[in-house]
Structure formats: structure tokens, C-alpha cells
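A.B. asks: Sharing a model that was predicted from the sequence below.
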Amino acid sequence: MHELSICASIVDSVLEELKNKKIAPNKLRKCGIVAGALRQIVPEFLKDAYKMTTNGTGLEDSEIVIEIAALTADCPDCGWSGELKELNYLCPACDSVLKLNNGTELYLSDLEYIT
Amino acid sequence: MSVEKVKVYKDLMGENEKWAAETRKLLSGKNVRMINVIGSPGSGKTSLLERMVRDLGDKCAFAVLEGDVETTADADRIAALNITASQLLTGGACHLEAKLVYYALRDLPLDDLDMVVVENVGNLVCPAEFDIGEHAKIAVLSVTEGEDKPSKYPLLFHESSAVVLTKTDLLPYLDFDKAECLRHIEKVNPNIPVFEISSKTGDGVENWIEWVMSERHAGLVRNPN
Ligand SMILES: Nc1nc2c(ncn2[C@@H]2O[C@H](COP(=O)(O)OP(=O)(O)OP(=O)(O)O)[C@@H](O)[C@H]2O)c(=O)[nH]1
Ligand SMILES: [Mg+2]
Ligand SMILES: [Zn+2]
């Protein structure tokens, strides 16, 4: 369900960026967002929410492209470094507490438009 | 006609973060702490608050903000104990956002308060996503929900400053494996304190209250950004 509120924030941000860049909303074809794996965003839900929110507005010809950023971590003790399939702070090599690099980011990354 | 692409880097939580920052400023100006209590529907959040009201007595002046989708039932339960309780109706949304909380706080007598306790909407996913300007998030998990919830809903347990494991009076009737549950919690948040309590019998409530009070005095800020 949080896809709907996040979508409202995406649409606001997209419109603001388009305005800053002097691009008419109906020229937009794609907006790209990056969501960290821990955000638990379901891309299909977010796509549907985007379609619903933009239907009948200047953005209705655009689609949203969602990239899920993997959760990665480093081990300060043994130097292990890699991607985590699920959140687990305990190092797969030595059981020490890992240092997480990302996984909670959520940002608008790019806009694709016609001229 | 050609297709062009521009890179932008715009934080999508920016608007919410702005209000959360306003809230922190408001609270620190009044020297009031705020905790954000999050858990599944029926996990025992309101019962925990009722216990706190009773056991804290006049050791701490607090007010309660009740996040609810539709009804005022929980706020009425708290108000019945002579504690200021405001209802925050989200109008269908499954979580509280910072702006709504900010305006509700402005209507509270902050000068007379030590602490504000927010009961978020019953949900393990969405409330964890939205910073409301709290000093600490508290994850409430009842023993009837199963051991693996921290792994299934990692963000909440990852972002929280403490876990309250509720309804421990029911343990004799369940196959709940506590050690396993603690392992799931450790995986997503290695050093988080876990308080095992029963709001029904009062078991363990004392330790929890001691932590809340020390957290208040320590000025421990977990989510400074
Ligand atoms: N046995 C037992 N039952 C409890 C305990 N705490 C809460 N309950 C029961 O669990 C049910 C739900 O409790 P609430 O405190 O209303 O739960 P909540 O998390 O506030 O629920 P929502 O606000 O609807 O999400 C009620 O029937 C309570 O009586 C406890 O420590 N032991
Ligand atoms: Mg409740
Ligand atoms: Zn290691």
C-alpha cells in the first residue's frame, strides 16, 4: 500500500524537475527511480499506482522504470564484501557484524523525454 | 523528434523528511522526547500504552497520538485513563506521515510534557518507511505472530531502537521458539534491546519503563538524519 503514497511523491518530484528543466509534462516518456532492496517496493504495484495516478494528466504517456538496488555490505573484521540476498548483519564468512552500504535509498534517477 | 535522457538525483522522501526535521526542531525546543510505536494490527500496542500510563503514574508527563485508519477507539481507551490523547485519522493510508504528526504536535501542550508516544497504524511495512521526526522507533511484536517476522519485515526491526515482545503470558499455550525469534532479530539488528512483557500480568513492564525513562534522560537520538 505504501506504493501509493510513494507514487504521489514521485509524481510531485517529476513535475517539479520537469518544470525546473522547462520540459512540458506531455513530453515525458520515462521516469527512472532507484529503490533500495530494504524499501520492499513491489515494482508491479508501483507501476500500477503510477498508471492510476497519472491517468488523465499531462504525464499519462509516460511510464515508470524501477531499478531495485541490491543490498551490499562489508565485513570490518575479515574483509568479506558482497551482496546480501536478505538483511543479515552477521558476516557469512566470520559471523562478525557487517557494515551495510545501502539498501534504503529511494530517489528519482533520470527522465527520458522527447523534443 | 528525438529522445533525450537527463540524470537527476532527487530524494523521494524529501518532503516527508522536511516535516520530520521541523518536528525534531519543535520537540527539542520544548525538550520533549517522542517514540513511534509500530507493530501488526492487534499486536498489543494500545495495551502496552495503557500499562505505561498506569505504571508510569506521575514519573513522566506524556501525551499519546493515536494513528488510526478510521476509528477513534484507541484514543478513547487512552483518554479514559486521563491522558491527553489525540486521534490522527489517516483517511485510509496505512501509515503516519510527518506533516500530519507535526500539526498534531502543535496542538499539544508541549510545555507541560516530557514525552509523546505515537501509536502508528497497525502495519509492519509502511510505518517503517516514514520518518515522523521521532527520537526512537519501537517495534512491537507479539508471541502469537511467529518467530520469523523480523526477517520477513526487516526494515522495521532494522530502523527500531528497541523491540517489545508482547503477550508473553501466552507462551505456555504456544509453540513459540523464543531463542529462534531472538536470532531473527539479531540478524537484522545485532545490538537492539528486546523487552519481553505481558501487558496482562505486568511481567517485564518495569524493565521496559526503565529503558524508556533512561532513553528519555540520555537524549539518545538514533535517527539524526
Ligand atoms: N493475553 C494477552 N493479551 C493481550 C496482551 N496485550 C494485548 N492483548 C490482547 O490483544 C488484543 C489486541 O490488543 P491491542 O492492545 O488493542 O492491540 P493493538 O496493537 O493496539 O491493535 P490495533 O491498534 O488494532 O492495531 C486485545 O484483545 C488485547 O486484550 C497481553 O500482554 N497478553
Ligand atoms: Mg491500538
Ligand atoms: Zn567477516
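C.D. replies: All right, it came through fine. Only a predicted model underlies this, so the values are computations on that prediction, with no experimental measurement involved. Ligands and ions are numbered 1, 2, ... in the order given.
A.B. asks: And the pLDDT at A:L28?
C.D. replies: pLDDT for A:L28: 97.
A.B. asks: in chain A, which helix or strand is least confident?
C.D. replies: strand A:99-100 (a mean of 88; mean pLDDT, DSSP states H and E).
A.B. asks: Give the other helices and strands that it contacts.
C.D. replies: Helices and strands touching strand A:99-100, by 3 or more CB pairs under 8 Å, 6 or more residues apart in numbering or on different chains; DSSP states H and E, are strand A:71-74. No exception for glycine: its C-beta is placed from N, CA and C like everyone else's.
A.B. asks: Could you pull up the mean pLDDT of the longest helix belonging to chain A?
C.D. replies: Ranked by residue count, the top helix of chain A under DSSP state H comes out as helix A:2-20. Helix A:2-20 carries an average pLDDT of 90.
A.B. asks: residue contacts, A:F45?
C.D. replies: A:E3 (CB atoms under 8 Å, 6 or more residues apart in numbering or on different chains).
A.B. asks: actually B:S214, sorry about that
C.D. replies: Counting by CB under 8 Å, 6+ apart, B:S214 has no contacts.
A.B. asks: What does it show for phi and psi?
C.D. replies: Dihedral angles of B:S214 (phi, psi; degrees, to the nearest 10) stand at phi -70, psi -30.
A.B. asks: Distance check, it against B:A61.
C.D. replies: Distance, B:S214 to B:A61, by CB to CB, to the nearest Å: 17 Å.
A.B. asks: What of B:C94?
C.D. replies: 30 Å.
A.B. asks: Just want to know which of these two has more residues nearby.
C.D. replies: Taking neighbours as other CB atoms under 10 Å in any protein chain shown, B:C94 and B:A61 compare with B:C94 leading, 19 against 14.
A.B. asks: What values do phi and psi take at that one?
C.D. replies: Main-chain torsions, B:C94, degrees, to the nearest 10: phi -90, psi 10.
A.B. asks: start to end distance for stretch A:25-45?
C.D. replies: 23 Å (CA to CA, to the nearest Å).
A.B. asks: Would you mind listing the buried residues in that stretch?
C.D. replies: A:25, A:27-29, A:31-41 (16 or more other CB atoms under 10 Å in any protein chain shown).
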